[in-house]
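*Asks:* Provided below for reference: sequence and predicted model.
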Amino acid sequence: MPPHDLFSGAPAPFGADSAPASPLLHNLNPEQLAAVTLPAGHALILAGAGSGKTRVLTTRIAWLLQTGQASPGGILAVTFTNKAAKEMVARLSAMLPVNVRGMWIGTFHGLCNRLLRAHHKLAGLPSTFQILDTQDQLSAVKRLCKQHGVDEERFPPKQLVWFIAGCKEEGMRPQDVPVRDQDTQKKVEIYQLYEQQCQREGVVDFGELMLRSYELLRDNDPVRAHYQRRFSHILVDEFQDTNRLQYAWLKQLAGDTEDGRLATHGSVIAVGDDDQSIYAFRGARVGNMQDFVREFGVKQTIKLEENYRSFSNILDCANALIAHNQGRLGKNLRTQQGPGEPVRIYEAATDLNEAQWLVDEIKSLVKNGEIERREIAVLYRSNAQSRVIESQLFNAGVPYRVYGGLRFFERAEIKHALAYLRLLENPHDDTSFMRVVNFPPRGIGARTLEQLQDAAREAGCSLHDAVSTLSGRAGANLTAFVARIDVLREGTQGANLRSIIGQVLEASGLVEHYRNDKEGADRLENLDELINAAESFVTQEGFGRDAVALPLDEQRAAPPLTQSPASQGLDASLPMAEAGELIDQDTGETLSPLAAFLTHAALEAGDNQAQAGQDAVQLMTVHASKGLEFDCVFIGGLEEGLFPHENAMSDHQGLEEERRLMYVAITRARKRLYISHSQTRLLHGQTRYNVRSRFFDELPEGALKWLTPQRSGFGSFAPFPGAARGYFTPAGGGFGHKSEVFASPPVPERKGGAAHGLRPGMAVFHNKFGEGKVLAIEGAGDDARAQVNFPRHGTKWLALAVAKLTVVE
DNA sequence: CTTCCAGCGTTTTTT
DNA sequence: ACGCTGGAAG
């Protein structure tokens, strides 16, 4: 990241200007201005897509500081992603010459980490506690299952991880989980064992980070009182994505509950958009917005409805679509821009054709110089859809970039290196121990490790400590391994981060191992990159050098924080100026660069395959696109069962979330939007016949342009689109042989056509269920199944070899 | 310890 | 269809 330009903002004198005169407030619309200059108190800001939400948040902070209503130390701004937090910091720095390091701006987990580092003793954690990511957590659970003889068939570790994370998100410790059945009973037992294991090893998972710091605040009156008094202004981004625990955490910081009502200090500003709530599946609770209004007695709700991103045809689509959801807080996007181009709809015969059309369209857009490739995004509901599109882009030689996949700190070789580093910090981290004890291979087999684990359990100690209790030949290699780690720890005391990592990479044998591996070149490169990452981390975080100078006189701006006798002692021990550092509040010790770097690696897994600088088409899921914007957006696969996804279609809530997802997708586009679907799609190795998505019927006709003839109702298939325009000339690549599809009827039939003769949209009669409509057909021959909706019996999948269906004319 | 193969799962994802 | 995981064989 480039260094923050602290002085590019207007050089406004602090606290001197009256609010409206401040250059900060220029060019804000009335709603934005109202939100930025809200008087102290709690408020909800309903910020529509593209309404300048981040700008309002950052300007609000800047305004609070500039007018002397708050000092940097009094601000807490919390986001979900590191990206959002970084952007806030960057924009704020550009606005004001302010010491951003004095402010608590970060992700929920980042801030929790900071709290726990500062009060690790009160939180019951060792100062060296390590953070488990999802991979680590899974392997910890697997290890635990093996150790305790848990039947992994009945209780798949993945499911257990999900269960444990779910409990924590709801704020539940094992004893809080309601046990209805034996299965739950067992899971709770495993949850408890898992907790004990983590505690013994000094590690916390992401959920624990949140839950533990919530409990820290809840159970320690002076600590809670301190932070409540300190953070006079709390701002929450993407509030609709908060889960129950995060909301409870915020309540702890905001004030105490007195006879059922929240007695709060200061102000909490929650910014969110219920229409963009797309993370219910991971515990997000939109209901927190209503709860917030009720429990905080919110008087002020401000809606930001002016959209600065898209032309009105696009917004009309978004508004019309989302209007089909019930129970919204209510919001309509508007723009001062004109209608712009119509939203283009395309129907393809096959997923391959859809991809070919898309690539042709992209090529001509770029060729005409209308648009840069990086300003074109292709969005899809599920990752599986990217494959066809990628192959077509690749064939056509169009540069593209796919979001998603393994991130830097998640790669195996990086995790190996980090495991060694973590063992230097915390030798009792058994997850890390197991990861590298025999990697690179050093003759420590499964048998030996079983013995070691038994010994450790017997002695109630870590694997590291159990090694010395193990005697005989089996222990020799282990002893050497532990000795190597311990020597390394001694030898790197006081060394700088770069040299520590360098030594570890060599001494661990990782470098040599990958050097001997003929496919290890990439991995070596990544290990090199790890050293670079550490180097730039040290520079950025200001370890070993002075942090940015403080143009803002904190003493002058600091509000009276030490007035309460109850918390005076604590206040004295929590120096304001050091808010940005990770400081042990018991010893005053700051986190070592290595410890800080390991924390950083765990909390921020790095970019998703950034090939920065390359002018490439952007491919991603709709989820991944949230918060981004592009001149031109393609949304593919708008088919029943895919978007809305079949797993979400059955219930009302699921369907509404799918609709919000589509809303998010539409509102990514600035100028040009394409929505497409295909009659057939290859999924899991089978051709599926799909009906076009119901979402098409929820868009306003006037804003659309159908690039292919719109079929009237179901069942009648248009002549194959685009063939006359020469779209499907094989490009000479590996896919040319598929061109025969073009000559065949729009619905490609496998092996001489479907014997059953059914097509989606057809009306059929069933002896038991009566008349119904065919929604989809899957498979062929004896495996062929049809999804049929019967008005009286609902939607059913019927095996055509068994079910007697007759076509109704 | 490495290599191979069978079996499994396949909506969305951040920390 | 396909890629990853884990267990068994070499």
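*Replies:* Noted; the coordinates are in hand.

*Asks:* got any ranges where chain A has weak pLDDT?
*Replies:* A:1-21, A:258-261, A:471-474, A:541-582, A:608-613, A:711-755, A:778-785, A:791-797, A:801-802, A:809 (pLDDT under 70).

*Asks:* mind running it again at 50?
*Replies:* A:1-19, A:543-580, A:610, A:713-750, A:752-753 (pLDDT under 50).

*Asks:* what residues go with each domain of it?
*Replies:* As assigned by the TED database, chain A contains the domains A:30-121+A:209-306, A:133-200, A:343-407+A:609-706, A:409-554, A:762-807.

*Asks:* Residue A:324 is nearest to which of those domains?
*Replies:* Checking the domains of chain A against residue A:324 by C-beta to C-beta gives domain A:343-407+A:609-706 as the closest, at 5.1 Å. For glycine as for every other residue, the C-beta is placed from the backbone atoms N, C-alpha and C.

*Asks:* Against which helices or strands is the strand or helix carrying residue A:378 packed?
*Replies:* Assigned by DSSP states H and E, residue A:378 belongs to strand A:376-380. If you count contacts as 3 or more C-beta pairs under 8 Å, 6 or more residues apart in numbering; DSSP states H and E, strand A:376-380 packs onto helix A:351-367, helix A:386-395, strand A:617-621, helix A:622-625, strand A:630-635.

*Asks:* Tabulate these (a markdown table), appending mean neighbour count and distance to residue A:74.
*Replies:* Shown next, in a markdown table, are those (neighbours: other C-beta atoms under 10 Å; distance: least, C-beta to C-beta, whole Å):
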| stretch | mean neighbour count | distance to residue A:74 |
| --- | --- | --- |
| helix A:351-367 | 22 | 49 |
| helix A:386-395 | 20 | 45 |
| strand A:617-621 | 22 | 38 |
| helix A:622-625 | 20 | 34 |
| strand A:630-635 | 24 | 37 |
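
*Asks:* possible to save those as CSV with distance to DNA strand C?
*Replies:* CSV is the format used below for these (distance: least, C-beta to the nearest atom of the strand, whole Å):
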stretch, distance to DNA strand C
helix A:351-367, 12
helix A:386-395, 7
strand A:617-621, 16
helix A:622-625, 18
strand A:630-635, 23
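
*Asks:* okay, the ones you listed in TSV with distance to residue A:213 next?
*Replies:* Below are these laid out as TSV (distance: least, C-beta to C-beta, whole Å):
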stretch	distance to residue A:213
helix A:351-367	46
helix A:386-395	37
strand A:617-621	31
helix A:622-625	27
strand A:630-635	37
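
*Asks:* Show me the one of those that comes nearest residue A:73.
*Replies:* The closest of those to residue A:73 is helix A:622-625. By C-beta to C-beta, the value is 34.8 Å.

*Asks:* Who are the packing partners of the closest one?
*Replies:* Against helix A:622-625 (3+ C-beta pairs under 8 Å, 6+ apart) you get strand A:376-380, helix A:652-666.

*Asks:* Among these, which comes closest to residue A:67?
*Replies:* Of all the helices and strands packed on helix A:622-625, helix A:652-666 comes closest under C-beta to C-beta, at 34.9 Å.

*Asks:* can you give me the strands in the stretch 551-700 of chain A?
*Replies:* Using DSSP state E, counting those that start in this stretch, the strands of the stretch 551-700 of chain A run over A:617-621, A:630-635, A:669-683, A:686-689.

*Asks:* Reformat the ones you listed as a markdown table; add distance to residue A:168.
*Replies:* As requested, those are exported to a markdown table (distance: least, C-beta to C-beta, whole Å):
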| stretch | distance to residue A:168 |
| --- | --- |
| strand A:617-621 | 26 |
| strand A:630-635 | 35 |
| strand A:669-683 | 34 |
| strand A:686-689 | 37 |
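
*Asks:* Spell out which residues of the stretch 51-200 of chain A are next to DNA strand C.
*Replies:* By the rule C-beta under 7 Å from any atom of the strand, the part of the stretch 51-200 of chain A lying against DNA strand C is residue A:142.

*Asks:* which residue ranges form the strands in the stretch 51-200 of chain A?
*Replies:* Secondary structure of the stretch 51-200 of chain A (DSSP E, counting those that start in this stretch): strands located at A:75-79, A:104-107, A:130-132.

*Asks:* Which of these sits closest to residue A:236?
*Replies:* Short answer: strand A:75-79, nearest of the strands of the stretch 51-200 of chain A by C-beta to C-beta, at 5.4 Å.

*Asks:* Redo the strands of the stretch 51-200 of chain A as TSV? Include distance to residue A:115.
*Replies:* Converted to TSV, the strands of the stretch 51-200 of chain A look like this (distance: least, C-beta to C-beta, whole Å):
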stretch	distance to residue A:115
strand A:75-79	11
strand A:104-107	9
strand A:130-132	14
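
*Asks:* Deepest-packed of those, please.
*Replies:* Across the strands of the stretch 51-200 of chain A, the average number of neighbours (mean count of other C-beta atoms under 10 Å) peaks for strand A:75-79, which reaches a mean of 25.

*Asks:* Give the partner strands of it in its sheet and their orientations.
*Replies:* In the sheet, strand A:75-79 lines up against strand A:104-107 (parallel), strand A:233-236 (parallel) (DSSP bridges).
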